[in-house]
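*Asks:* have a look; sequence and predicted model below, questions after that.
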Amino acid sequence: MIAPPDATPLPRHFFDRPVLEVAPDLLGRVLVRTTPDGPIRVRLTEVEAYDGPNDPGSHAYRGHTARNDVMFGPPGHVYVYFTYGMWFCMNLVCGPEGNPSAVLLRAGEIVEGAELARKRRLSARNDKELAKGPARLATALDVTRELNGTDACAAGDTPLRILTGTPVPADQVRNGPRTGVSGDGAVQPWRYWVANDPTVSPYRAHAPRRRSS
DNA sequence: CGCGTGATTCTCT
DNA sequence: GAGAATCACGCGG
């Protein structure tokens, strides 16, 4: 019997391309998180590209460190980072090994396991908000530091993988400036989203924090 | 609805 | 020591 599209992982070579090609092509793909209580599936509606060692917005801009190590590894793996003292965000590594490019997964529509996601997203006022924002998406899927380096292209019963899903036609893809990025990196129009999708997060320009004392 | 601010800790300078 | 690829909440209109 033939596996349905939603059961087929994206092949590794999907990610072994320039990140600006991969990012819009990820819209409509389905991320599956396997938990002890059952699967959670998310249809991706918003992503952001970070393009190699010369992108001033990228965590890899200042070289190879312990935190960004996974970005320098093979494509198709999950890079999870911790930020603002509280939150995790997840990326999928792109391009050839050694070239530190990645796509930040910013938002999606929960298509299965919403009851499991709600348990971790108690402040969400409705299901559209469950994964509306990169840290919300990671929280809804219970993605933390432990999943850093996971191979999202592996077959079988892995904790997190990315399936073929149904790609979004090019005429429904929009793009604009990246969110939350400071300095020169902010101007790149490398945030991609699905037109008129209610699960896409609102745009917010980066706001530097003042010192408290 | 838009805007401002506190939360909380890791990472790199 | 500063700033962070963010979120939630309170306030004012």
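*Replies:* It's in.

*Asks:* and for the closest residue to DNA strand B within chain A, the neighbour number?
*Replies:* Closest approach between chain A and DNA strand B, counting by CB to the nearest atom of the strand: residue A:85, at 2.3 Å. (C-beta placed from N, C-alpha, C; glycine too.) The number of residues packed around residue A:85, counting by other CB atoms under 10 Å, is 5.

*Asks:* helix or strand for it, which one?
*Replies:* Applying DSSP states H and E as the criterion places residue A:85 outside every helix and strand.

*Asks:* in this structure residue A:42 contacts residue A:114, no?
*Replies:* No: taking contacts as CB atoms under 8 Å, residue A:42 lies outside contact range of residue A:114: 9.9 Å.

*Asks:* and the spatially most central residue of chain A, bridged to which residues?
*Replies:* Per CA atoms, centre = their mean, the C-alpha nearest to the average position across chain A is that of residue A:105, at 1.6 Å. Beta-bridge partners recorded for residue A:105 (DSSP bridges): residue A:47.

*Asks:* stretch A:134-145: how far from the chain's middle?
*Replies:* Distance, stretch centre to chain centre, for stretch A:134-145: 10 Å (CA atoms, centre = their mean, to the nearest Å).

*Asks:* tell me if it is near DNA strand B.
*Replies:* No: using CB under 7 Å from any atom of the strand, stretch A:134-145 stays clear of DNA strand B, coming no nearer than 7.8 Å.

*Asks:* can you tell if that stretch touches DNA strand C?
*Replies:* Yes: Stretch A:134-145 comes into contact with DNA strand C (CB under 7 Å from any atom of the strand), by way of A:134-137.

*Asks:* avg pLDDT for that stretch?
*Replies:* Stretch A:134-145 shows a mean pLDDT of 97 in the predicted model.

*Asks:* straight-line length of it, end to end?
*Replies:* Terminal residues of stretch A:134-145 lie 14 Å apart, using CA to CA, to the nearest Å.

*Asks:* same thing with stretch A:139-149?
*Replies:* Stretch A:139-149 has an end-to-end distance of 17 Å (criterion: CA to CA).

*Asks:* what sits up against it?
*Replies:* If you take CB atoms under 8 Å, 6 or more residues apart in numbering as the criterion, stretch A:139-149 is touched by A:31, A:33, A:35, A:40, A:42, A:70, A:73, A:77-82, A:87-88, A:90, A:110, A:117, A:120-121, A:130-131, A:137-138, A:159-160.

*Asks:* among those residues, which lie within strands?
*Replies:* Cross-referencing the contacts of stretch A:139-149 against strands under DSSP state E gives A:31, A:33, A:35, A:40, A:42, A:78-82, A:87-88, A:90, A:110, A:160.

*Asks:* and the gap between residue A:177 and residue A:132?
*Replies:* 18 Å (CB to CB, to the nearest Å).

*Asks:* now the helices for chain A?
*Replies:* Per DSSP state H, chain A carries helices over the ranges A:12-15, A:19-25, A:114-120, A:134-140.

*Asks:* the closest residue to DNA strand C within chain A and residue A:136: what is the separation?
*Replies:* Going by CB to the nearest atom of the strand, DNA strand C is nearest to residue A:180 of chain A, at 1.7 Å. Distance of residue A:180 to residue A:136, computed by CB to CB: 13 Å.
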